[in-house]
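In: here's my sequence, what's the structure:
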Amino acid sequence: MDKIREAVARAQFDYSVREVAESILKEVKARDYVSEPIAIFYWICRHVRYTRDPRTVELVRDPIVICKQILAGQKPALDCDDMTALICALCMTIGSQCRIVTVAFSDLKFKGQRQYEHVFAQAQDPQSQAWITLDPVAGKKTKEMLSRIYAAKVWQL
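Out: Residues are numbered from 1 along each chain as shown. Modelled structure (predicted):
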């Protein structure tokens, strides 16, 4: 998780990340702070392909590299942690508060440590302080996915 948090911390200040965020939000009304992360979520759902990591390897893709691919017209293939990092970087570059949530759907442990199976982003609505779940992997089944969570850990950014 530290690699993801470090990548997001760097990426939020990168111009290519800001450029992608601005292009996504060009049709969103100014100061519509709830619609901004939701627009980013839907854009990711349409323009990024979900692809699992290789077996036994956890690849972590840098949001800066991903944004440069997007700006070059490519359609990146990302897993849940890569999408989470990208969403957080895009939201944070426009001033949104974000956090990362890792979840387990069962009581699976290895050497006494809980094994988390999935990760997603949340952005905070600055007016209501509510957290908006942004999970392109769950997509339209986000509510169902949230109902199946056995354990969760929140990572502040």
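In: rest of the way, CA atoms for contacts and neighbours
Out: Fine.
In: and the gap between residue 23 and residue 94?
Out: In this view, residue 23 and residue 94 are 12 Å apart by Cα to Cα, to the nearest Å.
In: just residue 51 next, same as before
Out: From residue 51 across to residue 94, the span is 27 Å (Cα to Cα).
In: between these two, which has more neighbouring residues?
Out: Remark: of residue 51 and residue 94, residue 94 carries more neighbours, 18 against 12, as counted by other Cα atoms under 10 Å.
In: now the farthest one out in this structure, which residue is it?
Out: The centre of the chain is farthest from one residue, residue 111, which by Cα atoms, centre = their mean lies 28.4 Å away.
In: now it, what are its backbone angles?
Out: Backbone torsions of residue 111, given as degrees, to the nearest 10, read phi 50, psi 40.
In: please apply the same query to residue 95.
Out: Here residue 95 shows phi and psi, under degrees, to the nearest 10, equal to phi 100, psi 10.
In: cool, and residue 75?
Out: Here residue 75 shows phi and psi, under degrees, to the nearest 10, equal to phi -110, psi 100.
In: any idea how many residues pack against the residue nearest to it when sequence neighbours are not counted?
Out: The shortest distance from residue 75 to any non-neighbouring residue, by Cα to Cα, 6 or more residues apart in numbering, is to residue 48 (5.6 Å). When neighbours are counted by other Cα under 10 Å, residue 48 registers 18.
In: looks like residue 48 contacts residue 79 (just checking).
Out: No - using Cα atoms under 8 Å, residue 48 is not in contact with residue 79; the gap is 9.6 Å.
In: check what pLDDT the residue nearest to residue 75 gets.
Out: What the model reports as pLDDT for residue 48 is 97.
In: got it, and residue 139?
Out: 87.
In: with the one 4 residues further on instead?
Out: In the predicted model, residue 143 carries a pLDDT score of 93.
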